[in-house]
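Could you work out the structure for the sequence below:
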Amino acid sequence: SETVMMPLWATKDMGKMLGGDEEKDPDAAKKEEERQEALRQAEEERKAKYAKMEAEREAMRQGIRDKYGIKKKEEREAEAQAAMEANSEGSLTRPKKAIPPGCGDEVEEEDESILDTVIKYLPGPLQDMLKK
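Down below sits the predicted model:
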């Protein structure tokens, strides 16, 4: 095989275009697949780590809420909604922010499974606290 003299800035691809030897890596596809798998695994571990950290933070937040009698935003909104519905019992017009039945039901199931996933990664005592 003859060597083609190329300037330093030329890439391997340019060398191939000029007719230089093309180097083939027989394991290239296998290596790329392993690399992709490693990236996926690292991403999953990262997600699990952050889910665990967030669950620990949420447990701490809940402890603070319990200590000072603070309610979560969702609980406050639910109570406000219930109060609004109670006020409009005798009224003929519907409440302005009535949520039709069936809206948002699917979301809660998803939250439940995410929470279960998070709980799995927690140490035992924390799991027991969150399951109650």
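
so where's the chain uncertain?
Applying pLDDT under 70 to the chain flags residues 1-25, 88-114, 130-132.

In terms of secondary structure, what does the lengthiest helix in the chain contact?
Longest helix of the chain, by residue count under DSSP state H: helix 28-68. In this structure, helix 28-68 packs against helix 105-120, helix 124-131, with contacts taken as 3 or more Cβ pairs under 8 Å, 6 or more residues apart in numbering; DSSP states H and E. The C-beta positions use only the backbone N, C-alpha and C, and glycine is treated the same way.

by how many degrees do that helix and helix 124-131 diverge?
70 degrees (axes from the mean of the first three to the mean of the last three Cα atoms, to 10 degrees).

Buried ones in stretch 48-63, by neighbour count?
Buried residues in stretch 48-63, counted by 16 or more other Cβ atoms under 10 Å: 51-52, 55.

Need the residues you listed in JSON lines (columns: distance to A29).
Output for the buried residues of stretch 48-63, formatted as JSON lines (distance: Cβ to Cβ, whole Å):
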{"residue": "A51", "distance to A29": "33"}
{"residue": "K52", "distance to A29": "35"}
{"residue": "A55", "distance to A29": "39"}
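
nearest to G69, of these?
Set against G69, the nearest of the buried residues of stretch 48-63 by Cβ to Cβ is A55 (22.6 Å).

Around L115, how many other residues sit close by?
Other residues lying near L115 total 15 when counted by other Cβ atoms under 10 Å.

Number the residues from 371 up from this point.
With 371 as the first residue, the last one maps to L485.

What separation is there between it and P493?
Separation of L485 from P493 (Cβ to Cβ, to the nearest Å): 16 Å.

and if you look at E404?
32 Å.

can you check M499 too?
10 Å.

higher neighbour count, these two?
Set M499 next to P493 and count neighbours by other Cβ under 10 Å: M499 wins out with 13 against 9.

Contact partners for the more buried one?
A429 (Cβ atoms under 8 Å, 6 or more residues apart in numbering).

how near is it to A412?
30 Å.

now K419
Taking Cβ to Cβ, one finds K419 at 10 Å from A412.

and what of K441?
38 Å.
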